[in-house]
Every structure is written in C-alpha cells, then in structure tokens.
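Novice: sequence below, structure please.
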Amino acid sequence: ELGLPARWQRKDVYVGIEAIRGKGAVFLDGKRLGFLWPNVPYSFPLPKPYKKDSPYRLSILSGGIINNVWLKAYPDTGFRIRDSYLTTSVRKMEAHLEIEGTGSSRVKVEVLISEGPGLKKVVKKAGPFSVEPDGQGWKGSFSFPWKDAELWSPENPHLYYYSVQLVDKKAQVLDRTLSLRFGFREFWIKGGNFILNGKPVRLRSDANVPFTFKIGRWTNHMGVLGDEAYIRNLIRAWKKLGLNSCLLYASPGAALDGHLLFKIADEEGFFIEAVIPYLNKTSHFNAIRWQDYLKKYERHLSSLVKEYRQSPSLLFYMYLPGSVVWDYFPSKLGQPYDPDKIWGKGRNYGQKEMVKKVDPVRFLVAYSRGGIHEPVAAAMNYIGFGADLQVHENWPSAWSKRKRVPVFATEFGLPYYADWFARP
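Specialist: Numbers count the residues shown, from 1 in each chain. Below is the predicted model of the structure:
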C-alpha cells in the first residue's frame, strides 16, 4: 500500500518499475495500469484526481521484482528534465552536460555542483545555458571550464555531486534534478596503454569474480549477497593485495545490489568493467519478431547504462559476441586481423551503437575477440597441458613489444591436473 503526501496533490505522480523477471502486469486498486516485459523499465502515471483519505494498493504480477520500484513526483509546470549526463575532461579541464526535457525551449539550464549530496555546499555553478527545440521538447549540449577541479583516482577518490535546474526569464526554478554522484576524471587509450588522468594505469583484477547480478536465465553462483560492510571490506582487502579492478556481469538480478557496489567502488577508488546483458538471436523471445525483441533489449540496456554511467569507477563496458581464440597465440596477439571475415560477425547486433547513444565517452569491448574492430585485445587465457607453457609465457611479452592496443585478460586459469591425461 502507498499514500501520497499532501504536497504532492498538485504534482504529476508516476509509478516507476525498473525490471521484473518474466512477463507481467501492474495493477492499481485492482485495475490494470499496463503490461510488463522482462528487464524493461516502465513508468505509469497515477490517474487524477488523487486519493486524499485512503492509500492505494499497488500489485505487480511477475516472476519476481529484480530492481527498484519508485514513486516519483514532478512539478505540474509543463516543464520537466527527462535526462541529464555530466562528463569531465582532464585534458581540457572542463565539464560537459547533455540534457533533454519537455516543455517550451524558452527556458535556461543551470548546473550546481556540491561537495556532498544535496546543495548544502555548492562549490561551482555554471550557466544559465540556453536550450534548443527538439520535437515536442528541448535539448541542450554545452561545456564549461573547471580549472581547479579535484581529480578522482584510486589514490584520491574525491567525489562531487551535481544537480541541474530549469529556470525561466525571472530566474524562477521550474524543475530540478536530484543530486547525482560523479568524479572528475578521464580515462582513455594511448600507445597501447590505458590512461587515467594523463598517467598509464595497469588493471589488476581477481579472475574469480565475486560480484555479479544475473546472466540470461541463470544465476552465476560466484555472485554473493553482501551488505555494505562486507563489500567495502572486500574491496579494501583487494586493494591491500595490489588489485584495483573487477569484472561485473551487469544484468539485473537478485545476487547483488549494483547501486551499492558502485557507491562503494566510487568511494574507495576501485575500478569496474561491466559486462552488458547477453544478446542471442536464436534463443530469446522466439514467440515475437526479432526487431521487437531488439527494441526491448535496447530499452533494457539503455536504462542499465543510465543507472551507472555517472560512476567514476566504471571504466568501460564489455559484450559477449562469441570467443575468438587467436589472441592466445603470440603471433596473433593484438594484430590487425579482421575476425568478421574469418569467423563471421558473431553475436554482434548493434550493441556498440546502443551504448554510444547513452554513454558516448566510454568504449565497448568484446569479451574475447581481438582484431581491427576492438579498442582492446581482450582474451580468455587458460593455460593447459595441450600447449607448451612457453607459448603462454610469450603471450604477455609479445604484446609488450607491439602495444597496438591494450591487452586485457578477461579470464585466466592455471593447468588443471586432470587435463594432463588428455594431452596428445
């Protein structure tokens, strides 16, 4: 059951459902508001006039609620900020904002940056910036200098919070976003190395990933249910061992609270590489047309990226197009061959373009598929008795001589003793 505060009576109120398992529906006081597809976010308006003296009864029919359910209220002004994304550049020492919303374009945008959540300690203000018409609403894209920003890094994980507000010509606030956590940092590739804030950085991670949500229809049992103290202590222990990153299989599920993990990683200065949800043309939603499924997948992926893209701990995304193992061999490691011509395009159905729409500053890397199309030579490296150990010893040394792109071992394993008997 849920009730509305008295101050919400003149606002536009919505029920937001981020993800469910299986197909389902949502009901309000026994009346259906709409139908739900799995892993796709939905937002339903509460019908007006609102109740004042009795609560609503919200029911969600599904195979399980696997992400947040929100009750959201917006000012009834006709103006609304639909989306905003703040990115930073250390090379230019500036910040950049992409924003869009509804209502007339005769509004301006202001950016407020504080040292903590809320606006208690504002350290920088930018704007007002003008926006331009875009269909039924408006959009804006603008940069502003920030020469004295404190940089986020593993050694100094300094965090800021930003809020964006719409103002009219009288400087009256029409809408304002909740404050979002971010760090002033920049991550790029140069000379075959990963670069953070102008300095080379080596990614060192544990191949036995303890953080995972859910992959496809099965739960990865390496995932753990942990509270804040558990996750924070584990990351601190990893850092003491010299590790600085981990892979995250980032489909929503019941194994881990992703918001909590990114919050702690941001605060502790720990890197995360996120594997996006698996996409397979032959096994998902066979009852509906493929193009319809792609649209639902893109909505799911877009909402997932938007949840975590402000986190400075998130370095890049990875996808699963099918493994190509030529990068096991030093003669092929990081070389400019075209895997699409040799093995076909694999399970690549436009995920890179989908990610770029909502997060243009981060790159998407194939989980184990090198070649000319990939910014990183990522590969699974399992040392077995079927190949001479000298081959595997040459694997990193061969890359160090070429360094066309960075190398990244997504999985690594030492010889398994039972395999000895299988050696030719």
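Novice: what helix or strand does the most centrally placed residue in the chain sit in?
Specialist: The centroid of the chain falls nearest to Val305 when counting by CA atoms, centre = their mean (3.4 Å). Using DSSP states H and E, Val305 maps to helix 290-308.
Novice: with Phe412 instead?
Specialist: strand 407-413.
Novice: in that strand, what's buried?
Specialist: For strand 407-413, burial by neighbour count (16 or more other CB atoms under 10 Å) applies to 407-411. For the C-beta atoms, the positions are set from N, CA and C on the backbone; glycine is no exception.
Novice: show me the shaky parts of the stretch 251-400 of the chain.
Specialist: The stretch 251-400 of the chain contains residues with pLDDT under 70 at 251-256, 280-288, 322-335, 344-348, 381-396.
Novice: can you give me the helices in it?
Specialist: Using DSSP state H, counting those that start in this stretch, the helices of the stretch 251-400 of the chain run over 258-268, 290-308, 339-343, 351-358, 389-402.
Novice: a markdown table for those helices, including distance to Leu315?
Specialist: Below are the helices of the stretch 251-400 of the chain laid out as a markdown table (distance: least, CB to CB, whole Å):
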| stretch | distance to Leu315 |
| --- | --- |
| helix 258-268 | 10 |
| helix 290-308 | 11 |
| helix 339-343 | 23 |
| helix 351-358 | 13 |
| helix 389-402 | 19 |
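Novice: among these, which is the most enclosed?
Specialist: helix 258-268 (a mean of 19; mean count of other CB atoms under 10 Å).
Novice: that older thread, so which of the helices of the stretch 251-400 of the chain is nearest Lys23?
Specialist: Closest to Lys23 of the helices of the stretch 251-400 of the chain is helix 290-308 (CB to CB; 11.1 Å).
Novice: what's that closest one in contact with?
Specialist: Helix 290-308 is contacted from outside by 18-19, 37, 39-41, 83, 85, 250-252, 258-259, 262, 274, 276-277, 279, 281, 284-285, 314, 317, 349-351, 354-355, 357-359, using CB atoms under 8 Å, 6 or more residues apart in numbering.
Novice: hey, C-alpha coordinates of it in PDB?
Specialist: Taking C-alpha atoms only, helix 290-308 is exported to PDB below (Å, rounded to 0.1, in the frame of the first residue of the first chain):
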ATOM      1  CA  TRP A 290      13.300 -10.200 -33.800                       C
ATOM      2  CA  GLN A 291      13.100  -6.500 -34.300                       C
ATOM      3  CA  ASP A 292      10.600  -6.200 -31.500                       C
ATOM      4  CA  TYR A 293      13.000  -8.000 -29.200                       C
ATOM      5  CA  LEU A 294      15.900  -5.800 -30.200                       C
ATOM      6  CA  LYS A 295      13.800  -2.700 -29.300                       C
ATOM      7  CA  LYS A 296      13.100  -4.200 -25.800                       C
ATOM      8  CA  TYR A 297      16.700  -5.200 -25.400                       C
ATOM      9  CA  GLU A 298      17.800  -1.600 -26.200                       C
ATOM     10  CA  ARG A 299      15.400  -0.200 -23.700                       C
ATOM     11  CA  HIS A 300      16.700  -2.600 -21.100                       C
ATOM     12  CA  LEU A 301      20.400  -1.800 -22.000                       C
ATOM     13  CA  SER A 302      19.800   1.900 -22.100                       C
ATOM     14  CA  SER A 303      18.200   2.000 -18.600                       C
ATOM     15  CA  LEU A 304      21.000  -0.100 -17.200                       C
ATOM     16  CA  VAL A 305      23.800   2.100 -18.600                       C
ATOM     17  CA  LYS A 306      22.000   5.300 -17.400                       C
ATOM     18  CA  GLU A 307      21.900   3.800 -13.900                       C
ATOM     19  CA  TYR A 308      25.700   3.600 -13.600                       C
END
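Novice: before we move on, the earlier item: what strands flank the strand holding Phe412, and is each parallel or antiparallel?
Specialist: Counting by DSSP bridges, the strands paired with strand 407-413 are strand 377-382 (parallel).
Novice: and of the buried residues of strand 407-413, the nearest to His158?
Specialist: Distance to His158 across these (CB to CB) is lowest for Phe408, with 26.4 Å.
Novice: bridging residues for the closest one?
Specialist: Bridge pairing for Phe408 - DSSP bridges - gives Ala378.
Novice: cool, Pro145 as well?
Specialist: Glu94.
Novice: hmm, it is touching Met93, no?
Specialist: Yes. If you go by CB atoms under 8 Å, Pro145 and Met93 touch, sitting 6.6 Å apart.
Novice: neighbour count for those two, which is higher?
Specialist: Using other CB atoms under 10 Å, the more surrounded residue of Pro145 and Met93 is Met93, with 15 against 11.
Novice: quick one: the more buried one and Pro336, what's the gap?
Specialist: Noted for Met93: a distance of 34 Å to Pro336, by CB to CB, to the nearest Å.
Novice: one more: Gly101?
Specialist: 43 Å.
Novice: show me which of these two is the more surrounded one.
Specialist: Applying other CB under 10 Å to Gly101 and Pro336 shows that Gly101 carries more neighbours, namely 24 against 10.
Novice: can you tell me the SS state at the more buried one?
Specialist: Here Gly101 takes the strand state, with states given by DSSP: H, G, I helix; E, B strand; the rest coil.
Novice: quick revisit: put the buried members of the contacts of helix 290-308 into a ChimeraX selection.
Specialist: Buried members of those, defined by 16+ other CB under 10 Å, are picked up in ChimeraX with:
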select :18,19,37,39,40,41,85,250,251,252,258,262,274,276,277,279,284,314,317,349,351,354,355,358,359
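Novice: any weak-confidence spans in the stretch 101-250 of the chain?
Specialist: Counting by pLDDT under 70, the stretch 101-250 of the chain contains low-confidence residues at 206-226, 250.
Novice: now the buried residues of strand 407-413 in a markdown table, with pLDDT?
Specialist: Formatted as a markdown table, these follow (pLDDT from 0 to 100):
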| residue | pLDDT |
| --- | --- |
| Val407 | 82 |
| Phe408 | 83 |
| Ala409 | 79 |
| Thr410 | 80 |
| Glu411 | 74 |
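Novice: which of those residues lies closest to Phe79?
Specialist: Nearest member of the buried residues of strand 407-413 to Phe79, counting by CB to CB, is Phe408, at 44.2 Å.
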